[in-house]
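Engineer: Build me a model:
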Amino acid sequence: MKDRYVIARYDSQGERFELIVDPNKAFDYKMGKRVNLSEILVSDEIYKDAKKGLKASEESLMKVFKTLDISKIASTILFKGQVPLTAEQRQKLIDAKRKQIIAFISRNCIDPRTNLPHPPARIELAVNETRISIDPFRDVEEQAIEVIKALRTVLPLKVAQVIAKVKVPQKYASKAQPIISKLGELKKSDWLSDGGWQGEVEIPAGMQVEFIEKVNSLTHGEAEVQIIKR
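Structural biologist: Next up is the predicted model:
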């Protein structure tokens, strides 16, 4: 039986809640796949301590979840809580994260000898050679910075940068300016006489599309964005 289930845990407001679940179904559900809760739950009980068979009290359930509906409570525990991973599941997450990091580096770095991007396959070989540890739960960009430093011992890498000049109308300026300023390295910042804002932000070359999309989202497409330096 132990090989067929794991205990999902969720701690909140000084209370612990546990579910006995199928590890593969629970993993799929947590990853966003459509899976019926009936296929996930080995038992319909919400426990305080599943190993000891201690059930959570109705009082504690109402305190934290504001409901006694098993499906709603179970969904919250699965999404917000911790579901132990099997070795196979963890490896899948690591492999997926590694591919994302390699793609990020390929988009944002160049070979300084040729000023051309390194193919993903070449970067992957270098990652394997340096045996860099990948955390499946850490942010891609955050880890990519560390990976780039490690790769430079075996692969010439230079982060390609561009300067994005942005002009934001007055009605969006106060909200958009602090967010845009954090999307890269702020080089220039000017408040205009009409209440608008204009700035220059240095960003990785491969992030141009994402940067423009973010600015357009903040300003409903009314901002002006120009790449002025490559």
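
Engineer: what separates the nearest residue to Thr67 once chain neighbours are set aside from Val83, distance-wise?
Structural biologist: Using C-beta to C-beta, 6 or more residues apart in numbering and skipping residues adjacent in sequence, the residue nearest Thr67 is Ile73, 6.7 Å away. All C-beta atoms are positioned from the backbone trio N, CA, C, and that covers glycine. Separation of Ile73 from Val83 (C-beta to C-beta, to the nearest Å) stands at 15 Å.

Engineer: Return the helix or strand harbouring the residue nearest to Thr67 as PDB; C-alpha atoms alone will do.
Structural biologist: Take DSSP states H and E as the rule and Ile73 turns out to sit in helix 70-80. The C-alpha trace of helix 70-80 is given here as PDB (Å, rounded to 0.1, in the frame of the first residue of the first chain):
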ATOM      1  CA  ILE A  70     -14.300  17.700   0.900                       C
ATOM      2  CA  SER A  71     -13.700  18.500  -2.800                       C
ATOM      3  CA  LYS A  72     -13.000  22.200  -2.100                       C
ATOM      4  CA  ILE A  73     -10.800  21.400   0.900                       C
ATOM      5  CA  ALA A  74      -8.900  18.700  -1.000                       C
ATOM      6  CA  SER A  75      -8.300  21.000  -4.000                       C
ATOM      7  CA  THR A  76      -6.800  23.700  -1.800                       C
ATOM      8  CA  ILE A  77      -4.500  21.200   0.000                       C
ATOM      9  CA  LEU A  78      -3.300  19.800  -3.400                       C
ATOM     10  CA  PHE A  79      -2.700  23.200  -5.000                       C
ATOM     11  CA  LYS A  80      -1.300  25.100  -2.000                       C
END
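
Engineer: Quick one: residues in contact with stretch 82-101.
Structural biologist: When contacts are taken as C-beta atoms under 8 Å, 6 or more residues apart in numbering, the neighbours of stretch 82-101 outside the stretch itself are 6-10, 21, 23-24, 26-27, 30, 124, 127, 134-138, 140, 143-144, 147.

Engineer: make that stretch 163-182, sorry
Structural biologist: Judged by C-beta under 8 Å, 6+ apart, the contacts made with stretch 163-182 from elsewhere in the structure are 184, 187, 189, 191-192, 194-203, 208, 211-212, 214-215, 218-220, 222-229.

Engineer: Also stretch 28-39?
Structural biologist: The list of residues contacting stretch 28-39 from outside it, by C-beta under 8 Å, 6+ apart, reads 22, 25, 40, 71, 74-75, 78-79, 83.

Engineer: Show me which of those are buried.
Structural biologist: 22, 25, 40, 74, 78, 83 (16 or more other C-beta atoms under 10 Å).

Engineer: So the third one sits against Asp22, correct?
Structural biologist: Yes: under the criterion of C-beta atoms under 8 Å, Ile40 is in contact with Asp22, at a separation of 5.6 Å.

Engineer: Spit out the contact partners of the closest residue to Val201 other than its chain neighbours.
Structural biologist: Ranked by C-beta to C-beta, 6+ apart and with sequence neighbours excluded, the top spatial neighbour of Val201 is Gly184, at 4.2 Å. If you count contacts by C-beta under 8 Å, 6+ apart, Gly184 has them with 164, 201-204, 207, 211.

Engineer: swap the cut-off to 6 Å and go again
Structural biologist: If you count contacts by C-beta atoms under 6 Å, 6 or more residues apart in numbering, Gly184 has them with 201-203.

Engineer: what's the answer for Ile46, then?
Structural biologist: Residues in contact with Ile46 (C-beta under 6 Å, 6+ apart) are 17, 56, 73.
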